[in-house]
Structures are given as structure tokens and as C-alpha cells.
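1. need coordinates for the following:
(one chain, ligands or ions: 1)
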Amino acid sequence: MKRYLQKLPAELKEIINLAAQVSQDIGMPAYLVGGFLRDLILGVQNFDIDITVEGSGIVFAQALAKRLKSDLRIHERFGTATLTLGNCLKVDVATARLEKYPSCASLPVVSSGSLKEDLRRRDFTINAMAASLVGADEHKLIDPFGGQNDLASGRIRILHDLSFRDDPTRILRAIRFQQRFNFKIEPKTLKLLKQAIEEGLLKKVHSHRMRDELILMLKEIDPSKQMKRLNDLGGLSFLSDKLRFTKSTHDLFKLIDKEIRWFVKNFSSRRKLDSWLIYFMALLKSLNLAQVKIIILKLGLRKGEEKRIINDHQNSHKITLSLSKRGVRPAHIFTLLELLSYEEIILLRASSQVKCLKKYIKDFLEIYNGMRLFVSGHDLHGLGILPGPRYEKIFAQVLVAKLNAEVKTRSQELALIKKLIKS
Ligand code: CTP
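-> Below is the predicted model:
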């Protein structure tokens, strides 16, 4: 592994060296494992370091966090901890563990174990390798299931026949890694994966775990590839028997890619998009509201996510129609779009090829979005108006005038208010 480690950026090398020192100092063998090691061998950049410790992952993480002066979050129940350094560097530390699944799709019963046992509980051979940080075997690859060979041949392979029964989220994970790396799912694994889907095992998993895995798929570089493969294997049926990834959904995903790039390029200072949600809303387009609501429930989506999905489902058609005409006044554009999330707005732009609609949305984001008045309640009070519902009404009228460029300055806003009071 030495030659792979040498190629790492200096900051990662430094963390790994410090981790090795900590391992030696506290006498707990520590190993690089999981996705980090897989990507290291593949030559894919990965700033999430995975470390497994024989002993106590928490004690190890505390000592490492002290040396790195990093933030530390401990998950006592799982014997894990996460160190964060700056914006994009993360170290996940876990105690080597043994997992037993009492029944299909249940949460495993966990106890601490050896590295060998820890590797045996993992999803795929390519994720079940380790490299020791210290000792006689320092930096030597520990690869009991042939992960390196599978990486070289581009194969996703489970470690034992009950893997998908133990943890059906691995169905989505297998597809995700396969599509991400352009690998093949090895024939026996594929047979067991299909069987697990047919038996409806995905429906047995706790909603939040399915939510997380589905989101990870939609966050991959090419979510349309991910959803197409899931659809072709019958894997979307766990959400709804009516759900399909059709050619038109595929085309819409591609248009969304384009609109997201446009948004990120032109509005980089705005909040970060939940891009996965845009694809998800697109995926649900062909369903009716009742079916959409069932899926939201099944996945235990958060309130904010639910709100955006339902709003899009109920209003996007109407809004598209309203914005597909020439000459829509800015104040009307503002009223239609101001209450929408950026995710809904991007989906609107992707779903329509009408030029003026695209221009209205661009204008909205560039000019009207978040437009505020110079005047405040204080000014109205100064003009002798007592606080009450009238304030809102006056502000709304002034805002409309401002959006339509009829008033621009503070004194013009005040002049308009005086006119409104008189009339
Ligand atoms: N793992 C597993 N079964 C799961 C989830 C995770 O065996 N259902 C193991 C795998 O060995 C995996 C490691 O835990 O490599 C870390 O999990 P995670 O961070 O979810 O995956 P990564 O492999 O790091 O993938 P990614 O590149 O997407 O972060």
C-alpha cells in the first residue's frame, strides 16, 4: 500500500501519520478500511478517511482529535466517532465489530470483535479490505475476500449468500457502486440481488435507512444512470408499483443536470441546492398526489422535503402555464415564484422549454428574489398610521410598484405611501 499512500495529498498523509502514532501510543491496532482504502487503490480522490480500531474507536478518536485539534462527534452507542477538519476533510473512526442479524432486514446485534470479524460483516469484497497503520504488517493490504482482484476486474461481489437478507439496503448500494465505477455485478451476486427484490426485502427496511440510501443514489454524479438501473432491476417497486423510470424521466433528469449547472455557475452565493430532491421530484412526476404522499410516508421524509415535493406536485403546472405567456409583469412573476424553493424553481425551468419562462425565472433570481423595501413600519407610524393589518396591505402595494419599476428610491416609496393613504 505504500506506493498508494505516497501519492496522497500532504494533508491526508499527515493525518494518517498522526493516526499511526496514536495507534502506537495507546497500543490499539488501527487500520485504514472501507471506501477510503477502495478509492485509494482505484486512484479516486476521497477526503473521508475510514479507520477501524481493535480496542476502542472512541478512545482512539479522542486522542487523534486532540493532536489534530479537530472537532469530534462521538456516537457512544455505536462505538464510533467522526472528526471534522475544515470544510471537506473527515475521519470516521469505528471500533472493530462483529454483527449478527437476528432476522431479515433487522438492525444487527453488535459486539466488539477482531479486524477479521469486522471485515466479514461488510457489504462487498471491494469494501472489505484493510491496511494496518502500524506493526510488522504496516501498510500491507489485508484482503481476505479478494477485494483487490475484484477492483481490478470491476466486480461487485457480496461476501456470503445471506448478505442482501441481512441488509437489503445493500441492493441499492450494489447498484450505486456498480454505476459509479462502471463495474459489473458478479453473476451470483446479481442473482441473489434480483431474488431479494422479487421477495420484497426492500420493503422490510426501516424507512430512514431507505431514505438515506436512495438520497445517496440521487447524489451520485449521474443519477439518471442510477435510477435507470434500479428501475430495470425492478427495484423502484419498493416505493410504488406505479413508479417507472421512463425515457421522458431520463430526458428530464438530463435537463435538470443542465439547469443545476446554470444555477451553480450564476448564483454561487445562494444557499446550496438539495439537488437530489430536484431529481426525486422529477421521478415522482407521473404519480398522482395520493401515491406521492404514500412514498413520502414510506421514506419518512422530513417536513421541509415533504413541503417542497407536495407544493411542486400541486402548483408547478399552474405556474408553468402562467409564466408561459409574454408580457407577464414583474410583480406577478414575484408573486408566483417568491414562495417556491430553489429546488422547485430549477425543476420548473428544466420542465419547460418556453423561452420567456426561462427568462422570467432568470430575472426573478437576478433581480426580484428577496427584494425588500426601504421603508419600514417605523415610517408608517411616523405618518400617523396605527400598527395593524393595514401595514401589510400598504407594504404589498409598494412592493408591487417597486417590482414593476414604478418606484425606485426611498423617497419615491414614501411618496407612494402618502398617495395610498390619501386615496
Ligand atoms: N458498510 C457495509 N454495509 C452497509 C454500509 C456500509 O458493509 N450497509 C461498510 C462498507 O465496508 C463501507 C463502509 O462500511 O465501505 C463505510 O460505509 P459508507 O461510508 O456508507 O460507504 P463508502 O464505502 O465509504 O462509500 P462512499 O464512497 O459512497 O462514501
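2. drop to CA atoms for contacts and neighbour counts, all remaining ones
-> OK.
3. ok, and the closest non-adjacent residue to residue 168?
-> Leaving aside its chain neighbours, residue 168 sits nearest to residue 202 (5.6 Å; criterion: C-alpha to C-alpha, 6 or more residues apart in numbering).
4. any low-confidence regions in the stretch 301-423 of the chain?
-> Scanning the stretch 301-423 of the chain for pLDDT under 70 picks out no residues.
5. for residue 145, give its distance to residue 40.
-> Distance, residue 145 to residue 40, by C-alpha to C-alpha, to the nearest Å: 18 Å.
6. more neighbours, the two?
-> Shown here are residue 145 and residue 40; by other C-alpha atoms under 10 Å, residue 145 has more neighbours (19 against 16).
7. so who does the closest residue to the more buried one other than its chain neighbours touch?
-> For residue 145, ignoring the flanking residues on the chain, the nearest one in space by C-alpha to C-alpha, 6+ apart is residue 125 at 5.7 Å. By C-alpha atoms under 8 Å, 6 or more residues apart in numbering, residue 125 lies in contact with 145-147, 150, 156-159.
8. determine the number of other residues adjacent to the residue in the stretch 101-250 of the chain that the ligand sits nearest to.
-> For the stretch 101-250 of the chain and the ligand, the shortest gap (C-alpha to the nearest ligand atom) falls at residue 122, measuring 3.1 Å. Counted with other C-alpha under 10 Å, residues neighbouring residue 122 total 20.
9. and the nearest residue to residue 283 once chain neighbours are set aside, how close does it get to residue 223?
-> The shortest distance from residue 283 to any non-neighbouring residue, by C-alpha to C-alpha, 6+ apart, is to residue 249 (6.4 Å). Residue 249 sits 11 Å away from residue 223, going by C-alpha to C-alpha.
10. ok, those two, which is more surrounded?
-> More crowded of residue 249 and residue 223, by other C-alpha under 10 Å: residue 223, with 24 against 20.
11. buried sites along stretch 265-277?
-> Buried residues in stretch 265-277, counted by 16 or more other C-alpha atoms under 10 Å: 275-277.
12. specify which member of the contacts of residue 125 is nearest to residue 209.
-> residue 158 (19.3 Å; C-alpha to C-alpha).
13. right, and that closest one touches residue 124 too?
-> Yes. Using C-alpha atoms under 8 Å, residue 158 makes contact with residue 124 at a distance of 4.5 Å.
14. would you map the helices across the stretch 101-250 of the chain?
-> Assigned by DSSP state H, counting those that start in this stretch, the helices in the stretch 101-250 of the chain fall at 115-120, 147-153, 163-166, 169-181, 187-198, 207-218, 223-232, 247-266.
15. JSON lines for those helices, including mean pLDDT and distance to the ligand?
-> Formatted as JSON lines, the helices of the stretch 101-250 of the chain follow (pLDDT from 0 to 100; distance: least, C-alpha to the nearest ligand atom, whole Å):
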{"stretch": "helix 115-120", "mean pLDDT": "94", "distance to the ligand": "7"}
{"stretch": "helix 147-153", "mean pLDDT": "97", "distance to the ligand": "11"}
{"stretch": "helix 163-166", "mean pLDDT": "95", "distance to the ligand": "9"}
{"stretch": "helix 169-181", "mean pLDDT": "97", "distance to the ligand": "5"}
{"stretch": "helix 187-198", "mean pLDDT": "97", "distance to the ligand": "14"}
{"stretch": "helix 207-218", "mean pLDDT": "95", "distance to the ligand": "7"}
{"stretch": "helix 223-232", "mean pLDDT": "97", "distance to the ligand": "13"}
{"stretch": "helix 247-266", "mean pLDDT": "97", "distance to the ligand": "20"}
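16. of all the ones you listed, which lies closest to residue 71?
-> Proximity to residue 71 (C-alpha to C-alpha) singles out helix 207-218 among the helices of the stretch 101-250 of the chain, at 23.8 Å.
17. what packs against that closest one?
-> On a contact count with 3 or more C-alpha pairs under 8 Å, 6 or more residues apart in numbering; DSSP states H and E, helix 207-218 meets helix 169-181, helix 223-232, helix 275-283, helix 289-299.
18. residue 349: which of those is closest?
-> Closest of the helices and strands packed on helix 207-218 to residue 349 is helix 275-283, at 11.3 Å (criterion: C-alpha to C-alpha).
19. list of residues touching the closest one?
-> Residues outside helix 275-283 that contact it (C-alpha under 8 Å, 6+ apart): 215, 218-219, 223, 244-245, 249, 252-253, 256, 260, 305, 309, 312-313, 343-344, 346-347.
20. filter those residues to the buried ones?
-> Burial by neighbour count, 16+ other C-alpha under 10 Å: within these this picks out 215, 218-219, 223, 244-245, 249, 252-253, 256, 260, 309, 312-313, 343-344, 346-347.
21. ok, back up a step: quick check: the residue of the stretch 101-250 of the chain closest to the ligand touching residue 116?
-> No. Look at residue 122 against residue 116 with C-alpha under 8 Å: they stay out of range, at 10.5 Å.
22. so which of the helices of the stretch 101-250 of the chain gets nearest residue 54?
-> Minimum separation from residue 54 across these (C-alpha to C-alpha) falls at helix 115-120, 6.6 Å.
23. helices or strands next to that closest one in the packing?
-> Helix 115-120 is packed against strand 97-100, with contacts defined by 3+ C-alpha pairs under 8 Å, 6+ apart.
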